[in-house]
Structures are given as structure tokens and as C-alpha cells.
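Asks: what shape does this take:
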Amino acid sequence: MRELRYTLLTDGPSDRAMIPILTWILRMQGVSSAIQSEWADLRRFRLQPRLSLAERIRWSIEFYPCDLLFVHRDAEREPRAKRLQEIDSAIAEVRRVYPLHVPTICVVPIRMQEAWLLFDEPAIRYAAGNSGGRRPLSIPPLRDLEDVSDPKTVLYSLLREASGLSGRRLDRFDVSEAAVRVTGYTDNFSPLRELSAFAALEADISREVHQLEWA
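Replies: Next comes the predicted model:
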């Protein structure tokens, strides 16, 4: 395979921060060909409002052709198994009416994907635009990340602290865009293997890569 193309369908635009994580896992599982990633931005198209998950999966494949589809849902307050079941049911619904032959992998972090952005302090400082900052950051211990009730709020607070800004400059700081940049400054996601949902995702990707002989 000269190039592996994958598409990521997410809950919202901030979740496109998952892309560097997925690319890293594919590399760790032996994919040496070029990797082309796309975030399925369905907002660009004139689709009916409030699409079901099955409809979003179908249009993602239609508008972003790929060799592999990742479907992301945050577990939030629901059990992770429930989200996995929702995705599997939506995929089955699509396949009943549409020729969906693309391998599909579920991406379901415990709580929110922001929990996977809370382990790399230098990356947080770079994303905040203040890599040389020395203000202490209260980053939760890695082993506790899946127990953080609202990781997005924690991450946003850390980014504001790391920015070193105050007053009007802090008010103008786009913390949501800074959050998306965090994973772009991380070279090694292996510490996240301690987290159950991340380990499950890596196992699923490994199985697909080796089954399809992409390694």
C-alpha cells in the first residue's frame, strides 16, 4: 500500500485533535506507507439538520472516501460499552441500505477526548503559546485521567494558566483552538497506554492493520 487514507468522524470540531493520536498509533502498529488523514467536516455541506449517527457515517464515507473510518463518540456520563453499541448499531444500519465496505473502528474515550490531552505539560505550554512559561500547572496524575469528571474544563483552565496572559489579552485567548493544537506538539503518546480506553483503541487498530496486511 502506497498510501493509507483514513477519515475521522467526531462529535464536534474540537475532537479533530484526535488525528495526531490516530496517526501515531498507526505508525506504532507498523504502517510505513504515507498516511493521509481527513476530518469529516459535514458542516461544509448542505445537509439536513440533526443527522442521525448512521446518516453522518454514510455522508462521511460519501464526501471523504477512505481506506479506514474512525467513528468517535465521547462516553461522557454513559458507560463506554453503551457508546460502542450505539456506533455498532449505526454502522449496521448504514450497511443495510448502503454499500459500506470500509473497515470501521470506534474511538470512545472515557468521559471526553480532552482526558487524553492532559498528560503532556510541554505540549500544553506550546499550545498555549508560552513554551517558556514557568507557572506551575496542576495536571492530574496520569492514572487518574479517566476519573476526571470534566476534562475539558480542566484542560481549558490549564491552557489559560499556561498562556501567562491576563486581562483583555486573556479574554481574547482562543482556548478552544489552543486545545486542538495540544496533540500537534506531542511526539509520543505511549503514556496513554495506561488508560483502558486508549489501550482498547490501540488493540483494535493493531488487529485491523495486521488483518488487512497494512503493516
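Asks: all contacts plus neighbour counts: C-alpha atoms, from now on.
Replies: Will do.
Asks: can you list the domains in the protein?
Replies: 3-110+195-211, 114-185 (automatic domain parsing).
Asks: columns mean pLDDT and mean neighbour count on top of the ones you listed, output as a markdown table?
Replies: Below are the domains of the chain laid out as a markdown table (pLDDT from 0 to 100; neighbours: other C-alpha atoms under 10 Å):
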| stretch | mean pLDDT | mean neighbour count |
| --- | --- | --- |
| domain 3-110+195-211 | 94 | 17 |
| domain 114-185 | 96 | 18 |
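Asks: from Val175, how far off is the residue sitting furthest away from the middle of the chain?
Replies: Going by C-alpha atoms, centre = their mean, the residue of the chain most distant from its centre is Gly167, 31.5 Å out. Look at Gly167 and Val175: by C-alpha to C-alpha, to the nearest Å, they are 15 Å apart.
Asks: biggest helix in this protein, by residue count?
Replies: helix 80-97 (DSSP state H).
Asks: only alpha carbons, please: show that one as CSV.
Replies: Taking Å, rounded to 0.1, in the frame of the first residue of the first chain, the C-alpha atoms of helix 80-97 are listed here in CSV:
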residue,chain,number,x,y,z
ARG,A,80,-18.2,3.2,27.3
ALA,A,81,-19.9,-0.1,26.3
LYS,A,82,-23.1,1.8,25.5
ARG,A,83,-21.3,4.2,23.2
LEU,A,84,-19.7,1.3,21.4
GLN,A,85,-23.0,-0.4,21.0
GLU,A,86,-24.5,2.9,19.5
ILE,A,87,-21.7,3.1,17.0
ASP,A,88,-22.0,-0.6,16.0
SER,A,89,-25.8,-0.3,15.6
ALA,A,90,-25.4,2.8,13.4
ILE,A,91,-22.8,1.0,11.2
ALA,A,92,-25.1,-2.0,10.9
GLU,A,93,-28.0,0.4,9.9
VAL,A,94,-25.8,2.0,7.2
ARG,A,95,-24.7,-1.4,5.8
ARG,A,96,-28.4,-2.4,5.3
VAL,A,97,-29.0,0.4,2.8
